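1. Please find the sequence and the predicted model below.
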Number of protein chains: 2
Amino acid sequence: MSKSATSKQNHVLELLDLFRQFGYDGATLSKISQSTGLGKASLYHHFPGGKDEMVETVLTTLEQGLQQLTLEALQTEGDALTRLQKMCDRLNKAYDSGQKPCLLAALMLGSAKDMFQGRVSKLLQVWIEAIAAVLIDAGMDETLARQRGEDGVILVQGALILAQGLDDPAPFRRIIQQLPETLCRPA
Amino acid sequence: MSKSATSKQNHVLELLDLFRQFGYDGATLSKISQSTGLGKASLYHHFPGGKDEMVETVLTTLEQGLQQLTLEALQTEGDALTRLQKMCDRLNKAYDSGQKPCLLAALMLGSAKDMFQGRVSKLLQVWIEAIAAVLIDAGMDETLARQRGEDGVILVQGALILAQGLDDPAPFRRIIQQLPETLCRPA
DNA sequence: GTTACTGTACCGAACGTTCGGTAGAATTGT
DNA sequence: ACAATTCTACCGAACGTTCGGTACAGTAAC
């Protein structure tokens, strides 16, 4: 399936990296062209809608990844701690131990905010609900579980900001490591 | 002292609002000109260093505000809960109940990251230390207190991201309301 | 030979920045 | 006191560059 190093999927991953690090306004077509190795014409062949379509594509990839993660989390055997642990492993990998920003946060700044607010909001809700589902499945009160879902997203996002700002991955690693217990802790 | 509605300090506040909402790349000189009511050339009269100097000025204002907040927090009478409560009130106002993003997070994206990484990092450290100082003063173990300082910043930043992403200030308000107790909670 | 793809050249618009200059307040010389 | 001068704040217009996007000829693949 994955033949060349410059497959479509690879390009989408490079786009993800660009948009999350530079934001919508900062990710210029020149940088995109340089990073993907594609000329402008090729970019507009693959993404006739231009920059907007590139972001949409990346968001779709992210949605699929999140949905897959959600399903896995619920299908995984074991208690809530184990399931959340698995989720944290994936998060740790996705964010490169806190060294890479989150696309969702990046898209909430600048011109992109109004364009993608809806999809970002839904993605966040799905994420929150995924965490809550695990906790509810473990017997937690639904209201508290959803609150803990919010807490999980908040902690991850905040830890990312701090890790970026301090240029030190330690806070992110600590939060990720503590996250399962933090979320399962009784009220 | 403050006579006209278009004083220098007002311009800095408008710059803060622009940079926090659009980021460095998204805050174009056209928008800045429109928001401040000053022509581009006039902007270069007040900030000969251009956009960079504008950000530097805003950062200086923020540093002063944070230092003032820190001093007040330690001088305020009462227990740690009361002090942190006061801090949260100010945060709630500064971030408009979570409806306005944080400049520090905005500056960590795009071209601005490398430019202002140092100052942003120091600002965050001061903030963390300010929280930790209150907790240490209340008898908390120093290591735990500094960890709680990180937690405070992480929770605020994460709540801001979520509030922006969901376009709903509720998560931010909840986190801010719970923050004093969250930070004081024994290990 | 058709289809998929790409490199080159180009476009109008917007970018950050600079220039030349104006109106008025403040300062100076006498 | 009045005129000459300097200073401060501001603006319109333009600079060169880069922006996102397009047109088209050419190549590669099947």
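-> Received, thanks.

2. Wait, A:A27 touches A:L16, no?
-> No - using Cβ atoms under 8 Å, A:A27 is not in contact with A:L16, being 10.4 Å away. Where C-beta positions appear, they are placed from N, C-alpha and C, glycine not excepted.

3. Looking at the two, which one has more neighbours?
-> A:A27 (25 against 21; other Cβ atoms under 10 Å in any protein chain shown).

4. For the nearest residue in space to that one that is not next to it in sequence, which residues are in contact?
-> Leaving aside its sequence neighbours, A:A27 sits nearest to A:L18 (Cβ to Cβ, 6 or more residues apart in numbering or on different chains; 4.5 Å). By Cβ atoms under 8 Å, 6 or more residues apart in numbering or on different chains, the contact list for A:L18 reads A:A27, A:K31, A:I32, A:S35.

5. Please work out how many residues are found near whatever residue of chain A ends up closest to DNA strand D.
-> Per Cβ to the nearest atom of the strand, A:G50 is where chain A lies closest to DNA strand D, at 2.6 Å. By other Cβ under 10 Å, the residues close to A:G50 number 12.

6. Roughly how far does the residue lying closest to A:Q117 once chain neighbours are set aside sit from A:T82?
-> Excluding its sequence neighbours, the residue lying closest to A:Q117 (Cβ to Cβ, 6+ apart) is B:D167, at 5.9 Å. As judged by Cβ to Cβ, to the nearest Å, B:D167 and A:T82 stand 34 Å apart.

7. So which residues of chain A form helices?
-> A:8-26, A:29-36, A:40-46, A:51-75, A:80-94, A:103-106, A:112-137, A:142-166, A:170-184 (DSSP state H).

8. Could you check how far stretch A:128-135 is from the centre of its chain?
-> When C-alpha coordinates are averaged (Cα atoms, centre = their mean, to the nearest Å), stretch A:128-135 and its chain have centres 16 Å apart.

9. who's sitting farthest from the centroid in chain A?
-> Within chain A, the residue lying farthest from the chain centre (Cα atoms, centre = their mean) is A:A41, at 29.0 Å.

10. Quick check: the gap between that residue and DNA strand C.
-> A:A41 is 3 Å from DNA strand C, where distance means Cβ to the nearest atom of the strand, to the nearest Å.

11. ditto for A:D167
-> For A:D167 relative to DNA strand C (Cβ to the nearest atom of the strand), the value is 24 Å.

12. Was I right to think that residue contacts B:Q117?
-> Yes - using Cβ under 8 Å, A:D167 is in contact with B:Q117, at 5.9 Å.

13. Which one of the two is surrounded by more residues?
-> B:Q117 (16 against 13).

14. pLDDT value on that one, please?
-> Listed pLDDT for B:Q117 reads 96.

15. now swap in A:S2 and tell me
-> Value for A:S2, per-residue pLDDT: 33.

16. burial count for A:L43?
-> If you count neighbours by other Cβ under 10 Å, A:L43 ends up with 20.

17. List the contacts of it.
-> Taking Cβ under 8 Å, 6+ apart, we find A:L43 in contact with A:L29, A:I32, A:S33, A:T36, A:M54.

18. And for A:R119, the neighbour number?
-> A:R119, neighbours per other Cβ under 10 Å, totals 17.

19. And it, how far from DNA strand C?
-> The gap separating A:R119 from DNA strand C is 24 Å, by Cβ to the nearest atom of the strand.

20. returning to what we had before: ok, and which of the helices of chain A has the densest surroundings?
-> Across these, the average number of neighbours (mean count of other Cβ atoms under 10 Å in any protein chain shown) peaks for helix A:103-106, which reaches a mean of 26.

21. Centre of the chain to that one, how far?
-> With Cα atoms, centre = their mean, you get 8 Å for helix A:103-106.

22. Show me what it is packed against.
-> helix A:8-26, helix A:51-75, helix A:112-137, helix A:142-166, helix B:142-166 (3 or more Cβ pairs under 8 Å, 6 or more residues apart in numbering or on different chains; DSSP states H and E).

23. Figure out how far the first one is from the centre of its chain.
-> From the chain centre to the centre of helix A:8-26 is a distance of 12 Å (Cα atoms, centre = their mean).

24. Is it in proximity to DNA strand C?
-> No - Helix A:8-26 lies apart from DNA strand C when judged by Cβ under 7 Å from any atom of the strand; the minimum separation is 8.0 Å.

25. ok and that helix relative to helix B:8-26, angle-wise?
-> Computed by axes from the mean of the first three to the mean of the last three Cα atoms, to 10 degrees, the angle separating helix A:8-26 from helix B:8-26 equals 160 degrees.

26. Could you tell me which residues of chain A lie near DNA strand D?
-> So chain A meets DNA strand D at A:A27, A:T28, A:L29, A:S30, A:K31, A:K40, A:A41, A:Y44, A:P48, A:G50, A:K51, A:D52 (Cβ under 7 Å from any atom of the strand).
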